[in-house]
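Asker: Here is my input; please provide its structure:
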Amino acid sequence: IEREHIRSLSNNPMQLAILLNLINTKGISLPDKRTALYDSYMDLFFGREAEKDETVRENRDVLLQIHYHVAWVLQKDAEGRGRGSISEADLRRLVSDFIREQEFPGDVLRLFTGVVERVGALVSRVQGTLEFEVQPLREFFAGKYLYDSAPHSPPGFESSGTKPERFVALARRPYWYNVARFYCGSYSTGELFSLVHDLEELFKETSDSRPDLRDHTLQLGLLLLNDWVFSQQPRAVNAMVEHMTTAGQICILLASPSSWDEKRLKLPEQCGRARLTERLIDLVKTSDDLAFIASACKALRLIAPVENRMELFTQLSGGMALKRHAATALGLFRDVDTTAHSPLTAFFGSELPAHFISAGRWAELSVEQKNEALHNEFGNSLLLSVYLDGNESTDDLLYFFWLSNPYTYSALHYSTSVPLVEALDRYGG
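Answerer: Next up is the predicted model:
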């Protein structure tokens with residue numbers, strides 16, 4: 001339920017009951033892939049009606065196709081600043097036309113209408129109109145429609161609107177972002193390398209003609225990795241990570257606020273996390289750009305074990321400023337054992353306790369470490385404020401240090417001597 005696409009399937013009691021039933025049925029085998037999870041959900045969704053109605057059971061696939069088609073039409077309407085809803089009369093006409101075009105039996109329309117009235121994914125929020133209960137369901141159905149209806153295009157009998165062409169069209173349009181994610185989740189193992197190729201070509205094209213879409217294209221690739229789209233083909237996973245971590249792409253990716261939303265860079269273990277870790281470590285080792293090193297190390301803090309981050313720290317060349325910068329970005333002051341001897345101890349020496357305190361770990365230090373830090377940093381007004389702001393758990397020792405530090409009173413300006421109590425009272429102390 002922590003995942004956004006799972007939360008969207010639990011918006012009402014009926015949806016939640018289906019989701020809990022799915023979790024109970026699948027257990028640890030609940031699909032990780034976003035599209036596969038929605039497929040399983042819809043199987044249960046229609047399965048509940050199929051148990052009650054034999055006609056639903058016999059026409060289950062047809063009913064799904066109708067939902068796919070309706071979702072495609074409503075998604076187009078929503079993009080054109082419509083409401084993503086349809087009147088009951090227009091829905092009947094739309095479904096009738098689709099049934100006639102596909103040559104389905106005439107009673108399917110009656111069946112579809114009955115399913116909508118009972119448990120369909122379409123609901124009425126405004127009298128006389130229908131819409132999909134949650135937007136992700138509409139986007140899922142639209143993605144399935146586009147994938148399933150894509151024509152085969154053999155040599156000599158080429159057709160337009162093939163799967164690669166449809167993907168490129170989706171990827172170019174930010175509004176269809178989530179539809180593209182569901183669409184790609186339907187790709188089979190043999191189609192995944194074409195998806196990697198299309199993303200690479202699209203990035204090259206947008207870099208030249210649509211720089212505003214460069215980040216969008218990279219973010220889509222990152223989300224597809226998070227959606228487990230490539231997980232069935234490890235070579236495709238690695239190829240996707242390689243594409244995103246070339247010199248130009250990785251800088252754009254790390255600079256984008258979207259990369260840090262919901263920790264997108266923290267890829268699942270089976271979806272490129274190890275390869276991304278390797279690539280970032282290699283890039284940090286060969287870079288002399290402090291801003292890039294900080295961003296890459298921040299990403300490594302999300303995805304790499306502390307042992308890997310410590311090894312990188314020991315291999316970095318540079319002076320005290322760079323090493324301090326890297327250790328902070330890598331989260332080493334926050335994550336290493338404060339009582340153990342480590343490469344940090346050897347490098348920072350008596351400074352180390354102060355860095356632990358700056359990382360919010362005052363309560364974890366021994367009295368000796370606290371005394372050493374306060375003694376070394378006496379008179380450092382900046383670090384003092386960091387100590388107080390960064391540690392939820394403090395004690396009298398830290399406040400005594402604050403009171404006795406001359407920099408605490410640097411903002412008090414008097415031409416004559418006044419009692420401390422009076423000065424603090426005058427300044428709101």
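Asker: Below-threshold pLDDT in this structure: ranges please.
Answerer: Judged by pLDDT under 70, the chain has its weakly predicted residues at 1-18, 27-29, 106, 114-120, 157, 377-416, 418, 420-429.
Asker: make it 50
Answerer: Where the chain drops to pLDDT under 50, the residues are 1, 119, 382, 429.
Asker: ranges for the strands of it?
Answerer: Remark: strands assigned in the chain by DSSP state E are 85-87, 122-123, 129-132.
Asker: deepest of the ones you listed, which one?
Answerer: Comparing those by mean neighbour count (mean count of other Cβ atoms under 10 Å), strand 129-132 comes out on top with a mean of 20. Where you see a C-beta, it was placed from the backbone N, CA and C, and this is true even at glycine.
Asker: a markdown table for the strands of the chain, including distance to D261?
Answerer: Formatted as a markdown table, those follow (distance: least, Cβ to Cβ, whole Å):
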| stretch | distance to D261 |
| --- | --- |
| strand 85-87 | 29 |
| strand 122-123 | 29 |
| strand 129-132 | 24 |
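Asker: P305: which of these is closest?
Answerer: Comparing the strands of the chain by their distance to P305 (Cβ to Cβ), the top pick is strand 129-132, with 42.2 Å.
Asker: other SSEs contacting that closest one?
Answerer: In this structure, strand 129-132 packs against helix 60-79, strand 85-87, helix 88-102, strand 122-123, helix 135-148, with contacts taken as 3 or more Cβ pairs under 8 Å, 6 or more residues apart in numbering; DSSP states H and E.
Asker: And for it, what's in contact with it?
Answerer: Here strand 129-132 makes contact (Cβ atoms under 8 Å, 6 or more residues apart in numbering) with 71, 74, 83-88, 91, 116, 121-125, 138, 141.
Asker: do stretch 288-295 as well
Answerer: Here stretch 288-295 makes contact (Cβ under 8 Å, 6+ apart) with 251, 254-255, 283-284, 287, 322, 325-326, 329.
Asker: before we move on, back to that, export the helices and strands packed on strand 129-132 as CSV, with columns for distance to W260.
Answerer: Formatted as CSV, the helices and strands packed on strand 129-132 follow (distance: least, Cβ to Cβ, whole Å):
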stretch, distance to W260
helix 60-79, 28
strand 85-87, 35
helix 88-102, 41
strand 122-123, 35
helix 135-148, 22
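Asker: circling back: for ChimeraX, what selects the buried ones among the contacts of strand 129-132?
Answerer: Command for ChimeraX that selects the buried part of these, burial taken from 16 or more other Cβ atoms under 10 Å:
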select :71,74,84,85,86,91,116,121,122,138,141
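Asker: and the residue nearest to G84 when sequence neighbours are not counted, how many neighbours?
Answerer: Leaving aside its chain neighbours, G84 sits nearest to A78 (3.5 Å; criterion: Cβ to Cβ, 6 or more residues apart in numbering). Residues lying near A78 (other Cβ atoms under 10 Å) number 19.
Asker: which residues touch A78?
Answerer: Each residue near A78 by Cβ under 8 Å, 6+ apart is listed here: 84, 138, 175.
Asker: Repeat that for A36.
Answerer: Contacts for A36 were tallied using Cβ under 8 Å, 6+ apart; they are G185.
Asker: Distance of it relative to N238?
Answerer: 22 Å (Cβ to Cβ, to the nearest Å).
Asker: Quick check: phi and psi at P155.
Answerer: Backbone geometry at P155, expressed as degrees, to the nearest 10, gives phi -60, psi 130.
Asker: E49: neighbour count?
Answerer: E49: 18 surrounding residues under other Cβ under 10 Å.
Asker: Hmm, T55 and it touching each other?
Answerer: No - contact criterion Cβ atoms under 8 Å: E49 and T55 do not qualify, at 9.7 Å.
Asker: Buried only: go through the contacts of stretch 288-295 for me.
Answerer: Buried among the contacts of stretch 288-295 (16+ other Cβ under 10 Å): 251, 254, 283-284, 325-326, 329.
Asker: Was I right to think T206 contacts L213?
Answerer: Yes - at 4.1 Å, T206 counts as touching L213 under the criterion of Cβ under 8 Å.
Asker: quick one on the thing from earlier: which of the helices and strands packed on strand 129-132 sits most buried?
Answerer: Of those, the one with the most neighbours on average (mean count of other Cβ under 10 Å) is helix 135-148, at a mean of 23.
Asker: how far off helix 60-79 does that one point, in degrees?
Answerer: Computed by axes from the mean of the first three to the mean of the last three Cα atoms, to 10 degrees, the angle separating helix 135-148 from helix 60-79 equals 110 degrees.
Asker: what packs against helix 135-148?
Answerer: Against helix 135-148 (3+ Cβ pairs under 8 Å, 6+ apart) you get helix 34-50, helix 60-79, strand 129-132, helix 163-171, helix 177-184.
Asker: Distance from the chain centre to it, please.
Answerer: 20 Å (Cα atoms, centre = their mean, to the nearest Å).
Asker: still on that earlier bit, between the strands of the chain, which gets nearest to F104?
Answerer: Closest to F104 of those, according to Cβ to Cβ: strand 122-123, at 18.2 Å.
Asker: Give me the residues contacting the closest one.
Answerer: Contacts for strand 122-123 (Cβ under 8 Å, 6+ apart): 67, 70, 91, 116, 130-133.
Asker: what do you get for stretch 257-265?
Answerer: 4, 215, 219, 222-223, 226, 253, 276, 299, 302-303.
Asker: just stretch 180-193 next, same as before
Answerer: Outside stretch 180-193, the residues within contact range by Cβ under 8 Å, 6+ apart are 33-36, 38, 139-140, 142-144, 146-148, 163, 166-167, 170-171, 195, 220, 223-224, 227-230, 232-233, 235-236, 239.
Asker: List the buried residues of that stretch.
Answerer: Under the neighbour-count criterion of 16+ other Cβ under 10 Å, stretch 180-193 has 180-187, 191-193 buried.
Asker: related to what we said a few turns ago, can I get the buried part of the contacts of stretch 180-193 as one ChimeraX selection?
Answerer: To isolate the buried ones among these in ChimeraX, judged by 16+ other Cβ under 10 Å, type:
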select :33,34,35,38,139,140,142,143,144,146,147,163,166,167,170,171,195,220,223,224,227,228,229,230,233,236,239
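Asker: so how far is H67 from the residue nearest to Q270 when sequence neighbours are not counted?
Answerer: In space, Q270 comes closest to S231 once its chain neighbours are excluded; the distance is 5.2 Å by Cβ to Cβ, 6+ apart. The gap separating S231 from H67 is 27 Å, by Cβ to Cβ.
Asker: and if you look at P211?
Answerer: Counting by Cβ to Cβ, the separation of P211 from H67 is 38 Å.
Asker: L30 too?
Answerer: 22 Å.
Asker: What of A255?
Answerer: 40 Å.
Asker: same thing with K52?
Answerer: K52 sits 18 Å away from H67, going by Cβ to Cβ.
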